[in-house]
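> My questions concern the predicted model and sequence given below.
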Amino acid sequence: YIENKESTEAYKKQKDVFEKQGKVDENINVEEMLLFHGTAVASLDSILNSNFIVDALPQQLNTQNEQRKKTMMFGRGVYFSELPAISLMYGNGLLLCKVLPGNCEILKPQGAPPSEISEKFDSREVQSNNSQGVIHVVKSPAQIMPYCVIQLKKQSLSSHYTKPSQCVQQNSSATPSQAPDQAQAGWSMIRGEKS
């Protein structure tokens, strides 16, 4: 769990602003989401110390050993996803963040690059063909509060796909009938629950 007093205060102030502006759900609560952000491991300390900087340049190098360009294909802002695999395409450092989407524009790409996010919107949700939010673009760092860093084991970062049934077979201490219970217990531990 990450604690940064300045980021927390800015987030709370932004949440109050959204509440006063009426950017609330049917229960009169400001919507908060937990979203993933992928970045270079070298960038994590800077984000944790001073929150996100919209115009910060990526730290990782491309395949030609040049600094990777930042394109902001879906508008100016900080990029997140509900899917950790999407976020990991941008670096092996994975952050889980609390995000205030505010007034969110829904975008279903049609092939042409979209215009910038309009002034009347605080964020943009880029949806897949089946209406799943794949990418979220958040305009202001005040809408973001880094929550925790997720550290993956090196073998988890492989592009090689292993079927779940093979994983169970490799674990000699678990029988196939025990594996779902153990997986559920592991997920509960990640969420902070006691199994």
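Okay, I see it. Residues are numbered from 1 along each chain as shown.

> In contact with D25, which residues?
D25 makes contacts with E31, as judged by Cβ atoms under 8 Å, 6 or more residues apart in numbering. C-beta here means a position set from N, CA and C on the backbone, and glycine is covered the same way.

> which helix of the protein spans the most residues?
helix 5-20 (DSSP state H).

> downstream neighbour of that helix in the secondary structure list?
Where DSSP states H and E defines the elements, the next helix or strand beyond helix 5-20 is strand 33-39.

> List the buried residues in that next one.
Buried residues in strand 33-39, counting neighbours by 16 or more other Cβ atoms under 10 Å, are found at M33, L35, F36, H37, G38, T39.

> and the residue nearest to K139 when sequence neighbours are not counted, how many residues sit next to it?
Spatial nearest neighbour of K139, chain neighbours left out: G77 (4.7 Å); criterion: Cβ to Cβ, 6 or more residues apart in numbering. If you count neighbours by other Cβ atoms under 10 Å, G77 ends up with 22.

> can you give me the helices for the chain?
Counting by DSSP H, the chain has helices at residues 5-20, 44-50, 84-87, 164-170, 179-191.

> Comparing those by mean pLDDT, which bottoms out?
Per-stretch mean pLDDT for these is lowest at helix 179-191 (a mean of 37).

> Show me where the chain dips below the pLDDT cut-off.
Counting by pLDDT under 70, the chain contains low-confidence residues at 55-71, 154-195.

> For V30, list the residues it contacts.
Contacts for V30 were tallied using Cβ under 8 Å, 6+ apart; they are K15, F18, E19, K23, V24, L100.

> quick one, what contacts the fifth one?
Spelled out, it's V24. Residues in contact with V24, defined by Cβ under 8 Å, 6+ apart, are F18, V30, E31.

> ok, now how distant is it from V30?
Note on V24: its distance to V30, by Cβ to Cβ, to the nearest Å, is 6 Å.

> Check the third one too.
Here E19 is placed at a distance of 5 Å from V30 (Cβ to Cβ).

> got it, and the first one?
Between K15 and V30 the distance is 5 Å, computed by Cβ to Cβ.

> joint contacts of the two?
Common contacts of K15 and V30, defined by Cβ under 8 Å, 6+ apart, comprise L100.

> count of residues packed around N130?
The local packing count at N130 equals 6, with neighbours defined by other Cβ under 10 Å.

> cool, and the one 10 residues further on?
When counting by other Cβ under 10 Å, one arrives at 16 neighbours for S140.
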